[in-house]
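Asker: starting from these lines, generate the structure:
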Amino acid sequence: MSLSGKISTELPVQATAEKWFHTVRNQLHHIQHVSGDVHGAGLDQGDDWRANDSVKHWTYTVDGRVETCHERIESVDEQKKRIAFKIFGEAIDAKYKVYKLIFEAIEKDDGSGAIKWSVEYEKVISHPSPHYLIPYLSYLFLQIFTMSLAGKLSTELPVHATAEKWFHTYTNQLHHIQHVTHKIHGAKLHQGDDWHANDSVKHWTYIVDGKTVTCHEAIESVDEQKKRIVFKLYGEDVDNKYKVLKLIFEAIEKGDGSAAIKWSVEYEKVSEDVHPPYGYLEFCDHCIKDVDAYLIKAEENANK
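Answerer: Below is the predicted model:
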């Protein structure tokens, strides 16, 4: 029995082949925020997700098991809308000498589109089967272009400051955040005289996706026990893309005494042409790092 082979599957899709190719080519790192089955993805080598010499590390659940691997782009054919990914390391190398995932976005003659995933492999021994990954990939990537206009994205990062200190900052010192991170260019009270009252409205100017954005914000709810705050964003630039846009802050105390900050983005787009607000996740990641550094420095200065 041959240890090498190729399997593939093709599925019709409603989004265009061009949009699919653009997403997999340029926004692959966003998959971790779309699917609950992808637990993490990061650059292990290089600084550009799209570069062929960059290596990414993935953690995901497939067939009920958590697995990890490395991945890099082997080739890109813009004309054929085809990308070949080389998968290696960790659990993969224990079963396969060669493991490649090949993505193709296909334009049909009748104007419809289809997505084809193929696996080219060479097994170490005869019994492993690579078939399990095909339906998983098909399901995973179909989540990107769901017909629903509403959705939720989230990001979580470990922090050095305590969850209590983080929650205190956002419930009592929200106006200071503009002085801590370069992503925020300005913030002021637009209505009311208390930054932390639910009926107060603030005006923010900040950077998302490299562009200056302005909006109004109001606190929708605060849960002291869960250290959770829901912020409603609306008006000006936000209303051009979203009927609903909420940022949900959570300061999480881990069992080992450490802490993490989770930001979630709940949204409803005004149309299918609007992309999910991935840029807000990147904005939140930057803010987490900047605020954490500020809190640690403030604690060090207080202890001098």
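
Asker: now do stretch 73-92, average pLDDT.
Answerer: For stretch 73-92, mean pLDDT rounds to 92.

Asker: that stretch: which residues count as buried?
Answerer: For stretch 73-92, burial by neighbour count (16 or more other C-beta atoms under 10 Å) applies to Ile73, Val76, Lys81, Arg82, Ile83, Ala84, Phe85, Lys86, Ile87, Phe88, Ile92. C-beta: built from backbone N, CA, C; applies to glycine.

Asker: send me that stretch as CSV with only the CA atoms.
Answerer: Provided in CSV are the C-alpha atoms of stretch 73-92 (Å, rounded to 0.1, in the frame of the first residue of the first chain):
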residue,chain,number,x,y,z
ILE,A,73,3.1,29.1,2.8
GLU,A,74,4.8,27.1,0.2
SER,A,75,3.4,28.8,-2.9
VAL,A,76,0.8,31.3,-4.1
ASP,A,77,-0.8,31.3,-7.6
GLU,A,78,-2.7,34.6,-7.9
GLN,A,79,-4.1,33.7,-11.3
LYS,A,80,-5.5,30.3,-10.2
LYS,A,81,-6.4,31.6,-6.7
ARG,A,82,-4.4,28.7,-5.2
ILE,A,83,-2.4,28.6,-2.0
ALA,A,84,-0.3,25.6,-0.8
PHE,A,85,0.5,25.4,2.9
LYS,A,86,3.1,23.2,4.4
ILE,A,87,2.1,21.7,7.8
PHE,A,88,4.8,20.3,10.1
GLY,A,89,6.0,19.9,13.6
GLU,A,90,4.5,18.5,16.8
ALA,A,91,1.7,15.9,16.2
ILE,A,92,2.0,16.1,12.4
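
Asker: which other residues reach it?
Answerer: Outside of stretch 73-92, the residues within contact range by C-beta atoms under 8 Å, 6 or more residues apart in numbering are 17-18, 20-21, 24-25, 50-52, 54, 67-72, 99-107.

Asker: equivalent analysis for stretch 295-304, please.
Answerer: With C-beta under 8 Å, 6+ apart, stretch 295-304 has contacts from His160, Ala161, Lys165, Trp166, Thr169.

Asker: which one (most neighbours) among these?
Answerer: Trp166 (23 neighbours; other C-beta atoms under 10 Å).

Asker: give me the helices and strands touching whichever strand or helix holds that one, please.
Answerer: Per DSSP states H and E, Trp166 falls inside helix 163-172. Contacts defined by 3 or more C-beta pairs under 8 Å, 6 or more residues apart in numbering; DSSP states H and E place helix 163-172 against strand 228-234, strand 242-253, strand 259-269, helix 278-302.

Asker: residues of that helix that come out buried?
Answerer: Result for helix 163-172 [16+ other C-beta under 10 Å]: buried residues Ala163, Lys165, Trp166, Phe167, Thr169, Tyr170, Thr171.

Asker: helices or strands next to the helix or strand just after it in the packing?
Answerer: Using DSSP H and E, the helix or strand that directly follows helix 163-172 along the chain is strand 184-191. Contact partners of strand 184-191 among helices and strands, from 3+ C-beta pairs under 8 Å, 6+ apart: strand 201-208.

Asker: neighbouring strands - and their directions - for the helix or strand just after the strand it packs on?
Answerer: Downstream of strand 201-208, the next assigned helix or strand under DSSP H and E is strand 211-223. Strand 211-223 has the following strand partners under DSSP bridges: strand 201-208 (antiparallel), strand 228-234 (antiparallel).

Asker: could you dump the ones you listed into a markdown table and include mean neighbour count?
Answerer: Shown next, in a markdown table, are those (neighbours: other C-beta atoms under 10 Å):
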| stretch | mean neighbour count |
| --- | --- |
| strand 201-208 | 18 |
| strand 228-234 | 19 |
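
Asker: would a markdown table of these with distance to Tyr267 be doable?
Answerer: Putting the strands paired with strand 211-223 into a markdown table (distance: least, C-beta to C-beta, whole Å) gives the following:
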| stretch | distance to Tyr267 |
| --- | --- |
| strand 201-208 | 13 |
| strand 228-234 | 9 |
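
Asker: wait, which of those strands is closest to His182?
Answerer: strand 201-208 (8.0 Å; C-beta to C-beta).

Asker: angle of the helix holding Trp166 against strand 242-253?
Answerer: 140 degrees (axes from the mean of the first three to the mean of the last three C-alpha atoms, to 10 degrees).

Asker: who's in contact with helix 163-172?
Answerer: By C-beta under 8 Å, 6+ apart, helix 163-172 touches 159, 176-177, 196, 222, 227, 229, 249, 251-253, 259-261, 291, 295, 299.

Asker: roughly how far is stretch 229-242 from the heart of the chain?
Answerer: Centroid separation between stretch 229-242 and its chain, computed with C-alpha atoms, centre = their mean, to the nearest Å, is 19 Å.
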